[in-house]
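> Okay, predicted coordinates and the sequence, questions at the end:
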Amino acid sequence: MTLTATTEQDARRRRTVVWVVALATFGLIFDGYDLVVYGVVVPIFLKDPSQLGEVTPAVAGTLGSYALLGMLFGALLAGAVGDIVGRRRVMLTAYAWFSIGMLITALTSTTTTFGVMRFLTGLGIGALIATTGALVAEIAPPGKKNLCNAITYSGVPLGSLLGALLAILLLDFIGWRGMFMIGALPIVTLLPLAVLKMPESVSWLVARGKFDKARAVSERTGMPMPDSVPQSAHAERAGFAGLFSRGFWFSTVLVGIMSAAAQFLNYYLNTWLPALMERSGFNAKGSLAFLLVLSGGAIMGALTGSRFADRFGPKPIVALSFLIGAVSIALLTLDLPLVVRLVFVAIVGLGTTGTSIMIYGLVANQFPTKMRGAAVAWAAGFGRLGGVSGPLLGGLLLAAGLTVNSSFYVLTGLALVGAILTLLVPRAHRPIEIHLTPVEPTVPVATGTSAGSPTS
């Protein structure tokens, strides 16, 4: 291959990486938005029965769990089919599904219909979360996989930050229904762009034996095309069957529990932190500001931590992040000046939501291609068990009269458990090594062809 052709291929690859990471991040922004938008409207439901009927703290916690249950089933379903039908198809379907779900949710008028739509919307969001990590890990260049995953999954706290900010600015004007309608925007913005610019994973196509399609995508996007596939790749079991096969099951169990612990911390705080801060004496808008700081800390922490994860490996960095979260949550029980408290809340964001982001990077690099989609889906789906119990348990504990400090101590203990579990994860399974070599194009590449044009 000539130097010019190689340079053009590298340029196409860079454009593809940028498009995929940008689209994937934008998609997960709406996951984070969905997470926070419910938390910011809970006080309205608690105070005003005319919205959905009478909503007690226990009912509010249950309603918050419905979306997370949907995410659990959506993630596991995506894991079952994503390694079979491909990453791209699942992600495009998920974009449309959750957008429509958010729109219909905005039109509900009873707790029953609201809860049903929260569950159905969660199916689409769960499928998206479960598939995104696999695609990004397979598109990202070597040495930057944790960073690309962190950038992408930082869309979750970025969406949370956006949701809190929009609530402060717009909630009084557009009401809770308008806030949910904002969540439907991807169907007219993100989805059309993804159809045009998001390609299928070359690694997945090769792993499934679709070599002609893989070559076509490789030439169009600049992603490297392997010249051969080792016999061991054919021997590996795909999907969930592979995750629980000999040599992988222990890692699978541990990363599932780790993800559940991190998601419990994540969803508990994003749902109940405003209410906890109100009980500590802050006003409603001041309490929402804590969500902004929490999300900002998560983004900065995950991006910084991922750079160290690419250099030293994700395992020690995730364990350290859990530990930092435990210490900073415990310090929130002290009577601190507001500025100092905000700093610790930002650090809590690193140790909770930021940790959950870095776990996806750990998982995506722990398992080989044939089971990578199922592995990320497992972490996302099993993690939602923790996410479901976070809002639910938070509502039950508040209804039972648990003090704010006692709630923080519970979270501190769970973060310490997460750190210990991370240290128990075996050495990362070495992915199937495929020596990548430039291949001479067999299909002419038209000048000006889009780097991310889809191939089905």
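Thanks, I have it. All values reported here derive from a predicted model rather than from experimental measurement. Numbering: from 1, shown residues only.
> was I right about residue 260 contacting residue 386?
Yes: shown here, residue 260 and residue 386 form a contact pair, counting by C-beta atoms under 8 Å, at 3.4 Å. C-beta: built from backbone N, CA, C; applies to glycine.
> Tell me where the stretch 51-200 of the chain has helices.
Counting by DSSP state H, counting those that start in this stretch, the stretch 51-200 of the chain has these helices, from start to end: 57-85, 87-105, 111-139, 145-153, 155-182, 190-197.
> cool, and the stretch 251-400 of the chain?
Residue ranges of the helices in the stretch 251-400 of the chain, as given by DSSP H, counting those that start in this stretch, are 284-312, 314-331, 338-349, 355-366, 369-399.
> Now do the second one: distance to the chain's middle.
Counting by C-alpha atoms, centre = their mean, to the nearest Å, helix 314-331 is centred 19 Å from the centre of its parent chain.
> CA-only coordinates of it in CSV, if you can.
Output in CSV follows, covering the C-alpha atoms of helix 314-331 (Å, rounded to 0.1, in the frame of the first residue of the first chain):
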residue,chain,number,x,y,z
PRO,A,314,-8.0,0.0,35.0
LYS,A,315,-8.0,-2.3,38.0
PRO,A,316,-5.9,-0.3,40.5
ILE,A,317,-7.5,3.0,39.3
VAL,A,318,-11.0,1.7,39.8
ALA,A,319,-10.2,0.4,43.3
LEU,A,320,-8.6,3.7,44.2
SER,A,321,-11.6,5.6,42.9
PHE,A,322,-13.9,3.5,45.1
LEU,A,323,-11.7,4.3,48.1
ILE,A,324,-11.7,8.0,47.4
GLY,A,325,-15.5,7.9,47.2
ALA,A,326,-15.8,6.2,50.5
VAL,A,327,-13.6,8.8,52.3
SER,A,328,-15.3,11.8,50.7
ILE,A,329,-18.8,10.5,51.5
ALA,A,330,-17.9,10.0,55.1
LEU,A,331,-16.6,13.6,55.2
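> Quick one: neighbours of residue 14, just the number.
Residues lying near residue 14 (other C-beta atoms under 10 Å) number 13.
> Export the helices of the stretch 51-200 of the chain as CSV, with columns for mean neighbour count and mean pLDDT.
Putting these into CSV (neighbours: other C-beta atoms under 10 Å; pLDDT from 0 to 100) gives the following:
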stretch, mean neighbour count, mean pLDDT
helix 57-85, 23, 80
helix 87-105, 22, 92
helix 111-139, 25, 88
helix 145-153, 26, 86
helix 155-182, 20, 86
helix 190-197, 17, 93
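> Can you convert these into CSV and add a column each for distance to residue 38?
Output for the helices of the stretch 51-200 of the chain, formatted as CSV (distance: least, C-beta to C-beta, whole Å):
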stretch, distance to residue 38
helix 57-85, 6
helix 87-105, 10
helix 111-139, 8
helix 145-153, 20
helix 155-182, 9
helix 190-197, 21
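> Which one of these lies nearest to residue 402?
Closest to residue 402 of those, according to C-beta to C-beta: helix 57-85, at 11.2 Å.
> Between helix 369-399 and that closest one, find me the angle.
With axes from the mean of the first three to the mean of the last three C-alpha atoms, to 10 degrees defining the directions, helix 57-85 sits at 180 degrees from helix 369-399.
> What is helix 57-85 packed up against?
helix 3-47, helix 87-105, helix 111-139, helix 239-243, helix 249-279, helix 369-399 (3 or more C-beta pairs under 8 Å, 6 or more residues apart in numbering; DSSP states H and E).
> How far off centre is stretch 142-158?
On C-alpha atoms, centre = their mean, the centre of stretch 142-158 falls 10 Å from that of its chain.
> Give me the contacts around stretch 72-85.
For stretch 72-85, the surrounding residues in contact (C-beta atoms under 8 Å, 6 or more residues apart in numbering) are 90, 94, 122-131, 134, 204, 208, 238-240, 370-378, 380-382, 384-385, 387-388.
> My read is that residue 102 contacts residue 178, right?
No: the pair residue 102 / residue 178 is not scored as a contact, 11.5 Å apart, by C-beta under 8 Å.
> still on that earlier bit, quick one, which of the helices of the stretch 51-200 of the chain gets closest to residue 366.
Residue 366 sits nearest to helix 111-139 of all the helices of the stretch 51-200 of the chain, at 10.2 Å, using C-beta to C-beta.
> And stretch 325-344, what's buried?
Buried residues in stretch 325-344, defined by neighbour count with 16 or more other C-beta atoms under 10 Å: 325, 326, 328, 329, 330, 331, 332, 341, 342, 343, 344.
> Among the helices of the stretch 251-400 of the chain, show me which one is buried the most.
Comparing the helices of the stretch 251-400 of the chain by mean neighbour count (mean count of other C-beta atoms under 10 Å), helix 355-366 comes out on top with a mean of 29.
> For it, C-alpha coordinates in PDB please.
What follows is helix 355-366, C-alpha atoms only, in PDB (Å, rounded to 0.1, in the frame of the first residue of the first chain):
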ATOM      1  CA  THR A 355     -16.100   4.900  39.200                       C
ATOM      2  CA  SER A 356     -19.100   3.400  37.400                       C
ATOM      3  CA  ILE A 357     -17.800   5.000  34.200                       C
ATOM      4  CA  MET A 358     -14.300   3.500  34.600                       C
ATOM      5  CA  ILE A 359     -15.800   0.100  35.300                       C
ATOM      6  CA  TYR A 360     -17.200   0.000  31.800                       C
ATOM      7  CA  GLY A 361     -13.600   0.600  30.500                       C
ATOM      8  CA  LEU A 362     -12.300  -2.200  32.700                       C
ATOM      9  CA  VAL A 363     -15.000  -4.600  31.500                       C
ATOM     10  CA  ALA A 364     -14.600  -3.800  27.800                       C
ATOM     11  CA  ASN A 365     -10.900  -4.600  28.100                       C
ATOM     12  CA  GLN A 366     -11.300  -7.700  30.300                       C
END
